Structures are given as structure tokens and as C-alpha cells.
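Visitor: Sharing a sequence plus its predicted fold:
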Amino acid sequence: MTETVEYDVVVVGAGPVGENVADRAAAAGLSVAVVENELVGGECSYWACMPSKALLRPAIARADARKVPGLRGAVQGPLDAPAVLAHRDGHVSHWKDDGQVDWLDSIGARLHRGRGRLDGPRRVTVEGADGARQTLTARHAVAVCTGSRAVLPDLPGLAAARPWTSREATSAQQAPGRLVVVGGGVVGTEMATAWQALGSAVTLLVRGGGLLPRMEPFVGEHVADALTEAGADIRTGVSVTAVERPEPGGPVTVALDDGTRLEADEILFATGRAPRTDDLGLETVGLEPGSWLSVDDTCLVGGTDWLYAVGDVNRRALLTHQGKYQARIAGAAIGVRADGAAPPDTGPWGAHSATADHAAVPQVVFCDPEAASVGLTLAEAEAAGHRVRAVDQDLAGVAGSGLYADGYRGRARMVVDLEREILLGVTLVGPAVGELLHSATIAVTAEVPVARLWHAVPAYPTISEVWLRLLEGYRG
Ligand SMILES: Cc1cc2nc3c(=O)[nH]c(=O)nc-3n(C[C@H](O)[C@H](O)[C@H](O)COP(=O)(O)OP(=O)(O)OC[C@H]3O[C@@H](n4cnc5c(N)ncnc54)[C@H](O)[C@@H]3O)c2cc1C
Ligand SMILES: NC(=O)c1ccc[n+]([C@@H]2O[C@H](COP(=O)([O-])OP(=O)(O)OC[C@H]3O[C@@H](n4cnc5c(N)ncnc54)[C@H](O)[C@@H]3O)[C@@H](O)[C@H]2O)c1
């Protein structure tokens, strides 16, 4: 007989998002079960953010150091790849989740290991690796936080060629001699940067016109120039038509639509994500298996008063920090609704409304040079019907950048809403701009008037002086 256990809240998926929903719901005094079928900590901790950034940090530090007079000569050699990979292994806790399990325990949540599936409203079955089954019922809410997985295109020979996805690209134990990367989005650009620096000869195949197409166009141009200077071969406007690996463990052959062929030791497909909802029992609650889950600003799934979908799985912003923001909001909303004493605060920028998902999503791409953006690009703002003006600034024009690196190259853009004289978006590309981004996020989120930003004085001589130049540019 299947055991049934009742909780206030059942969270399916213990990635960073599920962990934070559990934390906020437990803090609201609710009993919480967390269901996880791989590692507590999710994709981000073991096959995404943490390992990728651990691989990239030495590459970026070396690129920066090579631009510093007096230091340049000391950093001309190759990276110590085994040391970098060992550093990465440490940051992913050697793919063990004991630390995160202890943390779940410390917040009072109960972990159920196994695959969770919805089984009608407020019911989740858990199937353990040994086939044992349990049923969990939720008095107040079920939160689906099952994240996303890599999508592979439907190409002849691909499955048999055993391509890399983001999982292999972040966990490989040695640098392939020749690596083909397909896709010029964030994963493709970051992983091309990392493996080129770790000694692979990288060919980056992009079907569109440039890299990082969701950011302002000048970002991809700066990153492509630097990646090419680092030795990568970037080919734009090409698509893969077939992949073949005749001998297991041997090289792969890649056919392109321009008639050329390439040979490589590994091929990485960084061609986007799909929601992990295909084997989740969605059909038992009237939803389509395999679909992204649409939610309101409290992360409640439309047509229900008990099912929440938080993080990658709702497709609002496939980023850990934004998913954790949604998780804090959804967890608190679940608490307030369970309490029933007062309605949730769901107005724009309310305590239970993930308003920033629409207005101010920040992102840093950790390549060389770094790229950082928040809010809308110029094209997005215009398409949304805003009357805007873009102000651009060459980052080489501020004293701090010249001190940071010889021959510093970078650019900044702010998009000003001319009706309200506030910023709708800011984009930066250049060494070390990632740490500048939060100033822009605050300006956009808080809708700080340009007239008041004029009084926010950047310290001299920092790269942040770009703010002053942008504001001077706006004032003419
Ligand atoms: C290579 C790469 C690098 C990235 N780098 C960054 C970065 O630098 N910064 C950033 O903000 N974002 C980054 N991202 C995006 C980030 O990884 C995701 O946005 C984040 O992991 C989403 O968190 P999540 O909790 O929604 O999902 P996940 O982290 O995917 O966690 C979902 C969890 O649910 C579990 N699960 C799924 N289905 C079930 C089920 N039926 N039953 C039980 N458990 C289940 C999974 O095993 C997993 O543990 C990166 C992504 C990739 C691929
Ligand atoms: N530093 C970070 O914040 C970070 C790092 C990595 C990933 N992420 C997140 O993870 C998510 C997934 O990243 P991603 O790079 O896999 O997806 P993406 O959607 O950013 O990029 C995928 C790219 O692949 C291209 N593509 C799709 N199908 C193709 C095909 N058949 N052939 C050639 N190209 C094809 C698309 O045009 C697109 O440019 C992103 O939304 C990103 O925000 C964030």
C-alpha cells in the first residue's frame, strides 16, 4: 500500500528556486516537503552557474591581467587546465549534495528523494529509485520548481554522435583538442570562452548574424572580436545539417548548410532550453505535458488556487537570481494566503508581486569582456511603444577604465524614457562591468529620475564614472 503524508506545502524540484520557496514557506510557519530526483541544489549548483563560472574565472582573470603593464609578461603562459578543473570540482562539491541536504534540514523542510508527479489537485506521488512510492498531499500549495533541460535539434546522426549539452560542457574532465560549439547565445558564448582558454581549438557556429542576440547589438560585436583574438573561429550565418561520429570515442564530422564540413573531437549544442514538465503528471490537472507553465505575478498557475510554478519552468527569466526572487515572492504569497488574515499585496512592486520580471531583469554574461544588462534594449523599448532616447558612451573615455587595463575596450548604453525621464534599460560591455550592473538595476527598478541620478556622484577614478558621462551625454 502507498503511504500518504500530508504537508502544508509540497515543493517539486530542489534547485535554487525550490530551495527558496521551501525556505520562505517554512519561515511563514508552514510544514514543507521537498521532492528531488537528482541532487539538492539543482542544475545551477552542479551543471550550470557554479561550474561554468569556476571555469571562466581564471580565463577572465588572465585576459584582464594580460592588459596590465608590468603584469603582462607574467601571464603569457597557458592556464593550468587540471588545476582549473579541480577548482571547478570543488565549487560543485564533487557533485555531492550533503551540504545542501543539511541546509534543507536546518530550515525544517522534509526531503523526499524520487521523481515527483502530480496526481490530481494538491497530490504528488513520489517514486524512489528503488520503485517505492509515496503520496504527498498539500493542504495549501504545490510549487513546481523543476527547471529546464537542454534542447537538441532534430538532426541526422546527432543522438548516435553523443553530443555535449551544457551538462557535459560544465563537467568534462579534460579539454577536447577541437571543440565545435553550436549556438551563439549565453551558454555557447560562455563555454566557447572557457574551453578556448583551457586549450581547446574552438569553432563557434552561429546561425544568426552575431553573438548574444538578446542584448544590444554592440555587445556581441565586442565579445566576438575578443574571442576571435583569443583564437576561436566564429562562423555566423551557418547551420548544422548533419553530425556523424563513425567510431565511438573517435572524432565527429559536422556538415554545414554552406556545403563545408568540419571535424572535431567534441560538439556542444547550446541551442536553448525546454521545461522539465514532460513526466510531471500535468495531464492529471488539465495541463499539457511538456509545456512551459504560465503564471501570474505571484507565480500561481492560471485557473488554479493551489499550483505555483516558479523559476525556469515558468519561462519568465531563465536565471537563478530571478528565479530565487520569484521564489521569495511565491513562498511569501503562499504563507499569506494560507494564513488568510489579509490578502496578498499583488499590486505593481507589491510584496507578493514579481514585478521586476517585466521591468528590470539583470544579467551578467561572464565572457571576456564581460557583458551586463538590465531592463529593455533600445529595440525592445521602441517595440513596446515607449518614446525613448539611447545615450551611448565609449568606456575607454573614463579614467578608471584606462587604469583598469591598457587599451580598455568597452561601451555603455542607457535607454531613457523621454516621457518620465527615467531609465528603461542599461547595457554595458567591457572588462569588469559585471560588478557595475547593480547600480543600473537600482536606477531602473527604483525609477530614479535622471535629474536625481545627476546627484549620485561616482568615485574617481572608477569605471563607474561612465554614469557621469552618460548623464552628460543625455543633458547635451
Ligand atoms: C551552462 C549554464 C550556465 C548558467 N549560468 C547562469 C549564471 O551564471 N547565472 C544565472 O543566473 N543563471 C545561469 N544559468 C541559468 C540557471 O542555471 C537556471 O536559471 C537555474 O538553474 C534555474 O533554477 P531552477 O531551480 O528553476 O531549476 P534547476 O536548477 O534546473 O533545478 C530543478 C530541480 O528540479 C529537479 N526535478 C526536475 N523534475 C523533477 C521531478 N519530476 N521530481 C523531482 N525533482 C525534479 C531537478 O533534478 C533539479 O534538481 C545557467 C544555465 C546554464 C545551462
Ligand atoms: N551568465 C548567465 O546569466 C547565464 C549563463 C548561461 C545560461 N544562462 C541562461 O540559460 C538559458 C539558456 O541558455 P542558452 O544559451 O542555451 O539559450 P539561448 O536561448 O540564450 O541561446 C540559444 C541560441 O541557440 C540558437 N539556436 C537554437 N537552435 C539552433 C540550431 N538548431 N542551430 C543553431 N543555433 C540554434 C538560438 O538562436 C540562440 O541564439 C538562457 O536563457 C540564459 O539566460 C544564463
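Guide: All right, it came through fine. Ligands and ions are numbered 1, 2, ... in the order given.
Visitor: and the stretch 151-300 of the chain, which residues reach ligand 1?
Guide: The stretch 151-300 of the chain comes close to ligand 1 at residues 166, 170, 187, 276, 280, as judged by C-beta under 6 Å from any ligand atom. Bear in mind the C-beta positions are built from the backbone N, C-alpha and C, glycine included.
Visitor: Against residue 284, how distant is the fourth one?
Guide: To tie it back to what came earlier, the one meant is residue 276. Distance from residue 276 to residue 284, counting by C-beta to C-beta, to the nearest Å: 17 Å.
Visitor: So for these two, which residue has more residues nearby?
Guide: More crowded of residue 276 and residue 284, by other C-beta atoms under 10 Å: residue 276, with 21 against 15.
Visitor: any idea how far residue 132 is from the residue positioned nearest the centre of the chain?
Guide: Among the residues of the chain, residue 319 comes closest to the average C-alpha position under C-alpha atoms, centre = their mean, at 3.4 Å. With distances taken as C-beta to C-beta, residue 319 is found 35 Å from residue 132.
Visitor: So what does the residue nearest to the centre of the chain look like in phi/psi?
Guide: Phi and psi for residue 319, reported as degrees, to the nearest 10, are phi -140, psi 140.
Visitor: Please identify the buried residues of stretch 25-35?
Guide: By neighbour count on 16 or more other C-beta atoms under 10 Å, the buried set for stretch 25-35 is 25, 26, 28, 30, 31, 32, 33, 34, 35.
Visitor: Could you do stretch 145-161 as well?
Guide: Buried residues in stretch 145-161 (16+ other C-beta under 10 Å): 145, 146, 147, 148, 149, 150, 155, 157, 158, 161.
Visitor: Contacts for the helix or strand harbouring residue 471, please.
Guide: Using DSSP states H and E, residue 471 sits in helix 466-475. Contacting residues not belonging to helix 466-475 are listed as 389, 391-393, 395, 397-398, 401, 412, 414, 416, 428, 436, 439, 450, 453-454, 456-458 [C-beta atoms under 8 Å, 6 or more residues apart in numbering].
Visitor: Correct me if wrong: residue 413 contacts residue 388.
Guide: No. Using C-beta atoms under 8 Å, residue 413 is not in contact with residue 388; the gap is 11.1 Å.
Visitor: shared neighbours, these two?
Guide: residue 378.
Visitor: How far away from the center of its chain is stretch 179-190?
Guide: Here the centre of stretch 179-190 is set off from its chain's centre by 14 Å, with C-alpha atoms, centre = their mean, to the nearest Å.
Visitor: That stretch and ligand 2, any residue contact?
Guide: Yes. Stretch 179-190 is in contact with ligand 2 by C-beta under 6 Å from any ligand atom, via 182, 183, 184, 185, 186, 187, 188, 190.
Visitor: list the contacts for the closest residue to residue 2 other than its chain neighbours?
Guide: Once flanking residues are discounted, residue 2 sits nearest to residue 133: 4.9 Å by C-beta to C-beta, 6 or more residues apart in numbering. Taking C-beta under 8 Å, 6+ apart, we find residue 133 in contact with 2, 125, 126, 127.
Visitor: and with 10 Å instead?
Guide: Applying C-beta atoms under 10 Å, 6 or more residues apart in numbering to residue 133 gives the contacts 1, 2, 3, 114, 115, 117, 125, 126, 127.
Visitor: Which strand residues bridge the third one?
Guide: When bridges are called by DSSP bridges, residue 3 pairs up with residue 134.
Visitor: after whichever strand or helix holds residue 62, next one along is what?
Guide: Residue 62 belongs to helix 49-65 when assigned by DSSP H and E. Using DSSP H and E, the helix or strand that follows helix 49-65 towards the C-terminus is helix 81-91.
Visitor: quick one, strands of the stretch 201-350 of the chain?
Guide: Using DSSP state E, counting those that start in this stretch, the strands assigned to the stretch 201-350 of the chain run over residues 201-206, 233-236, 240-244, 252-256, 261-264, 266-269, 273-275, 307-309.
Visitor: what sits opposite residue 201 in the beta ladder?
Guide: Beta-bridge partners, per DSSP bridges, of residue 201: residue 178.
Visitor: how much space between the closest residue to ligand 1 within the stretch 51-200 of the chain and residue 201?
Guide: Residue nearest to ligand 1 within the stretch 51-200 of the chain (C-beta to the nearest ligand atom): residue 147, separated by 2.1 Å. According to C-beta to C-beta, residue 147 stands 32 Å off from residue 201.
Visitor: re earlier: which stretch among the strands of the stretch 201-350 of the chain is buried most, on average?
Guide: strand 307-309 (a mean of 27; mean count of other C-beta atoms under 10 Å).
Visitor: was I right about residue 205 contacting residue 241?
Guide: No. With contact defined as C-beta atoms under 10 Å, residue 205 does not reach residue 241; the gap is 11.2 Å.
Visitor: intersection of neighbour lists for the two?
Guide: 254, 256.
Visitor: Run a quick neighbour tally on the closest residue to residue 344 other than its chain neighbours.
Guide: Using C-beta to C-beta, 6+ apart and skipping residues adjacent in sequence, the residue nearest residue 344 is residue 352, 3.8 Å away. If you count neighbours by other C-beta under 10 Å, residue 352 ends up with 22.
Visitor: pLDDT wise, what is residue 261 at?
Guide: Note on residue 261: pLDDT of 97.
Visitor: That one bridge partners, please.
Guide: So, taking DSSP bridges as the rule, residue 261 has residue 255 as bridge partners.
Visitor: and the gap between the residue in the stretch 51-200 of the chain positioned nearest to ligand 2 and residue 258?
Guide: Going by C-beta to the nearest ligand atom, ligand 2 is nearest to residue 185 of the stretch 51-200 of the chain, at 2.0 Å. The gap separating residue 185 from residue 258 is 21 Å, by C-beta to C-beta.
Visitor: cool, residue 208 as well?
Guide: Counting by C-beta to C-beta, the gap from residue 208 to residue 258 is 15 Å.
Visitor: now the helices: where do they sit in the stretch 351-476 of the chain?
Guide: Remark: helices assigned in the stretch 351-476 of the chain by DSSP state H, counting those that start in this stretch are 356-359, 378-383, 399-404, 437-445, 450-453, 466-475.
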